[in-house]
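K.L.:
sequence? don't have it. structure:
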């Protein structure tokens, strides 16, 4: 994990290479998310004959909420690592999660960076208010004091981070994660 996360910190890694690193980290983080998935036994055909396997309990497939823009590729990796579920791209202030059937379900909110927690807190509260079975937040890098505060503020929240940082930093233009992912670092709009 540290080797992959290091690739995301290198200034020369951007565009498709950075998106690929985010997806790979997402696939690894999916193993931690999988602990929260409800499974049931099913009959399967093994090469040696009838056997018992597992599947996700129908109707409890995870719902992955990708915070846009920068959370997209990390979310794609988690989605692929879990072998499915639903992927919902979400942009605060533009989108609406009211049509997403989260009640009684495992919901995973994914963002590449959590610094102040400002953008993710409203999403967390809205999903908790809608009575999801379990809420998990996955991030590539989280500012340690913010994640610690969020764990107190939302005691039922599960937090999974590839890397914790003790430095608060907000990227701009060429240093912004979203800009580096989408190749817009020279636009000066971020």
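P.N.:
Now that the structure is in, tell me what you want to look at. Quantities reported herein were computed from a predicted structural model and do not represent experimental measurements.
K.L.:
measure the residue nearest to residue 56 when sequence neighbours are not counted to residue 107 for me?
P.N.:
Nearest residue to residue 56, sequence neighbours excluded (CB to CB, 6 or more residues apart in numbering): residue 37, at 5.8 Å. Where C-beta positions appear, they are placed from N, C-alpha and C, glycine not excepted. The gap separating residue 37 from residue 107 is 12 Å, by CB to CB, to the nearest Å.
K.L.:
Need the residues touching each of those two.
P.N.:
Shared contacts of residue 37 and residue 107, defined by CB atoms under 8 Å, 6 or more residues apart in numbering, are found at residue 62.
K.L.:
Contacts for stretch 147-163 next, please.
P.N.:
For stretch 147-163, the surrounding residues in contact (CB under 8 Å, 6+ apart) are 1-2, 4-5, 25, 28-29, 32-33, 36, 114, 117, 121, 124-125, 128, 134-142, 164.
K.L.:
picking that back up, so residue 37 and residue 107 - more neighbours on which side?
P.N.:
residue 107 (27 against 19; other CB atoms under 10 Å).
K.L.:
Show me what that one is bridged to.
P.N.:
residue 63, residue 135 (DSSP bridges).
K.L.:
ok, it - contacts?
P.N.:
62, 63, 64, 65, 127, 132, 133, 134, 135, 136.
K.L.:
One more: residue 7?
P.N.:
Residues in contact with residue 7 (CB under 8 Å, 6+ apart) are 13, 17, 18, 21.
K.L.:
Need the phi and psi values for the second one.
P.N.:
The one in question is residue 17. phi -70, psi -40 (degrees, to the nearest 10).
K.L.:
i'd like the first residue to be 631 from this point on
P.N.:
Will do, 631 is the new start, and the previous item becomes residue 647.
K.L.:
With adjacent residues omitted, what lies nearest to it?
P.N.:
Using CB to CB, 6+ apart and skipping the chain neighbours, the partner closest in space to residue 647 is residue 637 (7.8 Å).
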